[in-house]
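Chemist: Sequence plus predicted model, see below.
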2 protein chains.
Amino acid sequence: MTRARKSDLTRNRILEAASGLFAAKSFDGVSIRAIARRAEVDPALVHHYFGTKDDLFNEVLSHAASPGTVFEQFVGKSPEALGAEILRTALGLIESPAGPALKALMRSGISSHPELLQRFVTKQLIGRVIPLLDVPEDERALRATLAGSQFVGLFVARYLVKVEPLASLSREEVVRLVAPNVQRYLTGEL
Amino acid sequence: MTRARKSDLTRNRILEAASGLFAAKSFDGVSIRAIARRAEVDPALVHHYFGTKDDLFNEVLSHAASPGTVFEQFVGKSPEALGAEILRTALGLIESPAGPALKALMRSGISSHPELLQRFVTKQLIGRVIPLLDVPEDERALRATLAGSQFVGLFVARYLVKVEPLASLSREEVVRLVAPNVQRYLTGEL
């Protein structure tokens, strides 16, 4: 095995260990040392590959959700269908292997690290989705945060608190019920 | 001072100490012992007056928000204005002295005690508001949880994560922007 290949494997092992731990606990409940132990490497290696715990957490998240790639698929889609499209994509993401990392971000962000959640929302939602809309520039951030509030609330109610009947609906039922509201925030009359 | 009066004072002092601590930290970050210390009483007295920490937390919450009284004001109001009315009341509550306890519930509920949040949403929102609406009984819980998802998300985005420009809007601006969405969930076509 080449040295580069070995280094890739180690990096991936650390990333997997971190994903697993962040998903199971809150951001504060996970230490670099615990990640290193689970990945069976020296803690210094974790720092070497990923920097601080904040950096590593962001890496886990981008790696899991690849939001760049995810959001690119909206380019060129009709703005009137964007509410449903984004919702469908977001729900798919949460129910994918990336879900646990997103749940961890949400839990940590809400309970004690709002800046992590803020960074994610601002960069991904405001930075990527809103420029696709044909709305006045001075309304963009407002529309994005309103839509964001519906996403966060849906996420919390359905996946974290699991309120019924919302938690048991199929993904498409949720899209049908919630998309018109998201759409109003994105392009409707405010 | 009579014994009953003295007991009332002690009870209130414990309740105040608990409110302050729950508001500043998460549910898990507060111990009965810390509450007792702050109230300058013996921990056994806290148990004597309020039972378990769960019970005390619920007491703090009901005491702070008095949701029973709050929601009674909607009885007899036009169902078409209910979205705006409830929203205005909820925002008022969060920005009142009851706010910190509600924020603590939200943080704890989301991060580690969904059952507390679930109990509150089910009892208050589904139990009290939805029966006021003229909608088929089998749609009630669904409509309540959809509206609840918007409330929770607005709460998180505006008060916990403080995303701009949502966080700096006036209360009435938020009502104007969000009420139509809440109203659709409560009485609109789904």
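Modeler: Thanks, I have the structure now.
Chemist: Output the below-cut-off pLDDT ranges for chain A.
Modeler: Applying pLDDT under 70 to chain A flags residues A:1, A:26, A:64-73, A:75, A:120-127.
Chemist: In it, which residue sits closest to chain B?
Modeler: Proximity of chain A to chain B (C-beta to the nearest C-beta) peaks at residue A:153, 2.3 Å away. For the C-beta atoms, the positions are set from N, CA and C on the backbone; glycine is no exception.
Chemist: That residue: what's it in contact with?
Modeler: By C-beta atoms under 8 Å, 6 or more residues apart in numbering or on different chains, residue A:153 lies in contact with B:148, B:149, B:150, B:151, B:152, B:153, B:154, B:155, B:156.
Chemist: would TSV of those residues with secondary structure and distance to residue B:79 be doable?
Modeler: As requested, these are exported to TSV (DSSP: H, G, I helix; E, B strand; the rest coil; distance: C-beta to C-beta, whole Å):
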residue	secondary structure	distance to residue B:79
B:148	helix	17
B:149	helix	20
B:150	helix	17
B:151	helix	18
B:152	helix	22
B:153	helix	23
B:154	helix	21
B:155	helix	23
B:156	helix	27
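Chemist: And chain B, is the helix or strand hosting residue A:103 touching that?
Modeler: Residue A:103 belongs to helix A:99-111 when assigned by DSSP states H and E. Yes: among the residues of helix A:99-111, A:106, A:107, A:108, A:109, A:110, A:111 lie within reach of chain B under C-beta under 8 Å from any C-beta of the partner chain.
Chemist: Redo the residues you listed as a markdown table? Include neighbour count.
Modeler: Formatted as a markdown table, the residues of helix A:99-111 next to chain B follow (neighbours: other C-beta atoms under 10 Å in any protein chain shown):
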| residue | neighbour count |
| --- | --- |
| A:106 | 22 |
| A:107 | 24 |
| A:108 | 22 |
| A:109 | 25 |
| A:110 | 24 |
| A:111 | 23 |
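Chemist: In this structure residue A:91 contacts residue A:176, no?
Modeler: No: judged on C-beta atoms under 8 Å, residue A:91 makes no contact with residue A:176 at a distance of 11.7 Å.
Chemist: Nearest to residue A:5 among the residues of helix A:99-111 next to chain B?
Modeler: residue A:108 (33.2 Å; C-beta to C-beta).
Chemist: one step back: separation between the residue of chain A closest to chain B and residue B:156?
Modeler: Using C-beta to C-beta, to the nearest Å, residue A:153 is found at 7 Å from residue B:156.
Chemist: joint contacts of the two?
Modeler: Joint contacts of residue A:153 and residue B:156 (C-beta under 8 Å, 6+ apart) do not exist.
Chemist: got the contact list for residue A:74?
Modeler: Per C-beta under 8 Å, 6+ apart, neighbours of residue A:74: A:82, A:85, A:86, A:89, A:129, A:132.
Chemist: Most neighbours among these, which one is it?
Modeler: With neighbours taken as other C-beta atoms under 10 Å in any protein chain shown, the top of these is residue A:86, carrying 25 neighbours.
Chemist: Give me the residues contacting the helix or strand harbouring that residue.
Modeler: Residue A:86 belongs to helix A:82-94 when assigned by DSSP H and E. Helix A:82-94 is contacted by residues A:65, A:70-71, A:73-74, A:77, A:99, A:102-103, A:129, A:132-133, A:147, A:151, A:155, A:159, A:171-172, A:174-175, A:178-187 when judged by C-beta under 8 Å, 6+ apart.
Chemist: Pull out the buried members of those.
Modeler: A:65, A:70-71, A:74, A:99, A:102-103, A:129, A:132-133, A:147, A:151, A:155, A:159, A:174-175, A:178-187 (16 or more other C-beta atoms under 10 Å in any protein chain shown).
Chemist: If we go by neighbour counts, what in the longest helix anywhere in chain A is buried?
Modeler: Among the segments of chain A that qualify as a helix by DSSP state H, the longest is helix A:3-24. Within helix A:3-24, the residues that count as buried by 16+ other C-beta under 10 Å are A:10, A:11, A:14, A:15, A:17, A:18, A:19, A:20, A:21, A:22, A:23.
Chemist: Show me which positions of the helix or strand following that helix end up buried.
Modeler: Next along the chain after helix A:3-24, taking DSSP H and E as the criterion, comes helix A:32-39. For helix A:32-39, burial by neighbour count (16+ other C-beta under 10 Å) applies to A:32, A:35, A:36, A:38, A:39.
Chemist: before we move on, back to that, hmm, which two among the contacts of residue A:74 are most spread apart?
Modeler: A:89 and A:132 (12.9 Å).
Chemist: Can you tell me the closest non-neighbouring residue to the spatially most central residue of chain A?
Modeler: For chain A, residue A:102 is the residue whose C-alpha lies nearest the centre (C-alpha atoms, centre = their mean; 4.5 Å). Once flanking residues are discounted, residue A:102 sits nearest to residue A:94: 5.7 Å by C-beta to C-beta, 6 or more residues apart in numbering or on different chains.
Chemist: ok, back up a step: what about the helix holding residue A:86, distance to the chain center?
Modeler: Counting by C-alpha atoms, centre = their mean, to the nearest Å, helix A:82-94 is centred 12 Å from the centre of its parent chain.
Chemist: Could you do stretch A:177-189 as well?
Modeler: 21 Å.
Chemist: how about the CA coordinates for that stretch, as PDB?
Modeler: Backbone C-alpha positions of stretch A:177-189 (Å, rounded to 0.1, in the frame of the first residue of the first chain) are rendered in PDB as follows:
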ATOM      1  CA  LEU A 177     -48.600  19.500   2.800                       C
ATOM      2  CA  VAL A 178     -45.700  21.800   3.500                       C
ATOM      3  CA  ALA A 179     -44.400  22.800   0.000                       C
ATOM      4  CA  PRO A 180     -47.100  25.500  -0.600                       C
ATOM      5  CA  ASN A 181     -46.000  27.300   2.600                       C
ATOM      6  CA  VAL A 182     -42.300  27.100   1.700                       C
ATOM      7  CA  GLN A 183     -43.200  28.300  -1.800                       C
ATOM      8  CA  ARG A 184     -45.000  31.400  -0.400                       C
ATOM      9  CA  TYR A 185     -41.900  32.300   1.600                       C
ATOM     10  CA  LEU A 186     -39.600  31.900  -1.400                       C
ATOM     11  CA  THR A 187     -41.600  33.600  -4.200                       C
ATOM     12  CA  GLY A 188     -45.100  34.500  -3.000                       C
ATOM     13  CA  GLU A 189     -46.600  37.700  -1.800                       C
END
